[in-house]
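Trainee: Sharing a model prediction with you, sequence too.
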Number of protein chains: 2
Amino acid sequence: MANPDKTNRFQQVDDKALDEARALLANARHAALATLNPETGAPQATRVGLTLAEDSTPLIFVSMLAGHTPALLADPRCSLLVGEPGKGDPLARPRIMLDCEAEKLARDDAAFAPALKAYLAAHPKAELYAALPDFLFFRLQPKSVLYNAGFGRAYRMTGTELLG
Amino acid sequence: MANPDKTNRFQQVDDKALDEARALLANARHAALATLNPETGAPQATRVGLTLAEDSTPLIFVSMLAGHTPALLADPRCSLLVGEPGKGDPLARPRIMLDCEAEKLARDDAAFAPALKAYLAAHPKAELYAALPDFLFFRLQPKSVLYNAGFGRAYRMTGTELLG
């Protein structure tokens, strides 16, 4: 653990790690999202509701009133942190970090209706604001993924590997 | 909610909001942290163990092997997201977002020992790695704070107001 040699930090990705990482993501209903403040360039952490598209791409449905939405429109780079810390040492609990590129889904895009359907299935209360024009849908395309299963078990994978 | 007029987004900060925000922060043992990837400038979201110093400043104790540590050494701007989503609509649950400036606490700094003591009180298992030289302490000085108590109740406050 004290070895700062980066080449030794990650374990070989295997089916077990992929299965665990996919299950963690599939069960998530919310996440922390890091975006860049468009005015200052500083990082900002916010909470988002989350679900997955049929191809397992993360989907978020967000208000223009929340800091992340104008941020994603200005710079689509973002990072999603998923996993419940629960009790005990929060760093011993699995989490997955996905560095993503956000793609806005316009309301007239063919993928919009299935995305909204998937989102409402996970978040029925979002029905209350689904029709408001200041709510935008984004697909978050994972580029680089770090699955951390707890101390000593960390895996780097590409978005393509994770989504399978 | 559909009103994009920024002047109407936040409620007047009052004692109730301050008390709630302080309690939320005081009870947190972990947080999501947004930092800037020093190689790409992209935002990155990671999990950190958290406690508060005696003056209520957030403290984190982090490994050089984790992405956030080299990131904070390269650019101290960061953002902390605190609050447990629990069940139900994750956006209806209170959370607090603190835009901070990280200050490294050297091991020979007078504030190091009390910080470590506070951290170990909250995270007894950190004793296992407390002596490792690649673990660094940071005080996260909050500059700008957003306390979101759920739909329709959001408060902007300064770090000074929050810490009182």
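Mentor: That came through, no problem.
Trainee: Count the neighbours of the residue nearest to A:Ala66 when sequence neighbours are not counted for me.
Mentor: In this structure, A:Ala66 finds its nearest non-sequential neighbour in A:Thr46, 6.3 Å apart by CB to CB, 6 or more residues apart in numbering or on different chains. To be clear about C-beta, it is placed using only N, CA and C from the backbone, and glycine gets the same treatment. Neighbour count for A:Thr46, taken as other CB atoms under 10 Å in any protein chain shown: 25.
Trainee: I figured A:Thr46 hits A:Ala31, correct?
Mentor: No. Contact status for A:Thr46 versus A:Ala31: not in contact, 9.6 Å apart, counting by CB atoms under 8 Å.
Trainee: Which strand or helix spans the residue nearest to A:Ala66?
Mentor: In this structure, A:Thr46 sits in strand A:43-49 according to DSSP states H and E.
Trainee: tilt between that strand and strand B:43-49?
Mentor: Between the axes of strand A:43-49 and strand B:43-49, defined by axes from the mean of the first three to the mean of the last three CA atoms, to 10 degrees, the angle is 80 degrees.
Trainee: Following the chain past strand A:43-49, name the next helix or strand.
Mentor: By DSSP H and E, the next helix or strand past strand A:43-49 is strand A:51-52.
Trainee: That next one pairs with which strands?
Mentor: Strand pairing for strand A:51-52, determined by DSSP bridges: strand A:58-63 (antiparallel).
Trainee: How far does the strand it pairs with sit from its chain's centre?
Mentor: 10 Å (CA atoms, centre = their mean, to the nearest Å).
Trainee: Keeping just the C-alphas, turn it into CSV.
Mentor: The C-alpha coordinates for strand A:58-63 follow below in CSV (Å, rounded to 0.1, in the frame of the first residue of the first chain):
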residue,chain,number,x,y,z
PRO,A,58,-25.6,6.0,-17.5
LEU,A,59,-28.5,8.4,-18.0
ILE,A,60,-29.1,11.6,-15.9
PHE,A,61,-32.1,13.9,-16.1
VAL,A,62,-31.2,17.3,-14.7
SER,A,63,-32.6,20.8,-14.1
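Trainee: Give me the contact list for that strand.
Mentor: For strand A:58-63, contacts defined as CB atoms under 8 Å, 6 or more residues apart in numbering or on different chains pick out A:25, A:31, A:33, A:48-53, A:68-69, A:72, A:80, A:98, A:100, A:115-116, A:118-119, A:123, A:126, A:129-130, A:132, A:134-140, A:142, B:1.
Trainee: Could you pick out the buried ones from those?
Mentor: Buried by 16 or more other CB atoms under 10 Å in any protein chain shown: A:25, A:31, A:33, A:48-53, A:68-69, A:72, A:80, A:98, A:100, A:115-116, A:118-119, A:123, A:126, A:135-140, A:142, out of the contacts of strand A:58-63.
Trainee: Sort out for me which of these are in strands.
Mentor: Among the buried ones among the contacts of strand A:58-63, the residues falling in strands (DSSP state E) are A:31, A:33, A:48-49, A:51-52, A:80, A:98, A:100, A:135-140, A:142.
Trainee: ok, what's across the strand from A:Thr46?
Mentor: Note on A:Thr46: beta-bridge partners A:Leu33, judged by DSSP bridges.
Trainee: Pull the number of nearby residues for A:Lys87.
Mentor: Around A:Lys87 there are 7 other residues, counting by other CB under 10 Å.
Trainee: low pLDDT regions in chain A?
Mentor: Applying pLDDT under 70 to chain A picks out residues A:1-8.
Trainee: For the residue lying closest to A:Arg95 once chain neighbours are set aside, give me its contacts.
Mentor: Excluding the flanking residues, the one nearest A:Arg95 by CB to CB, 6+ apart is A:Gly83, at 3.2 Å. Residues near A:Gly83 by CB under 8 Å, 6+ apart: A:Leu24, A:Ala28, A:Arg93, A:Pro94, A:Arg95, A:Ile96, B:Arg47.
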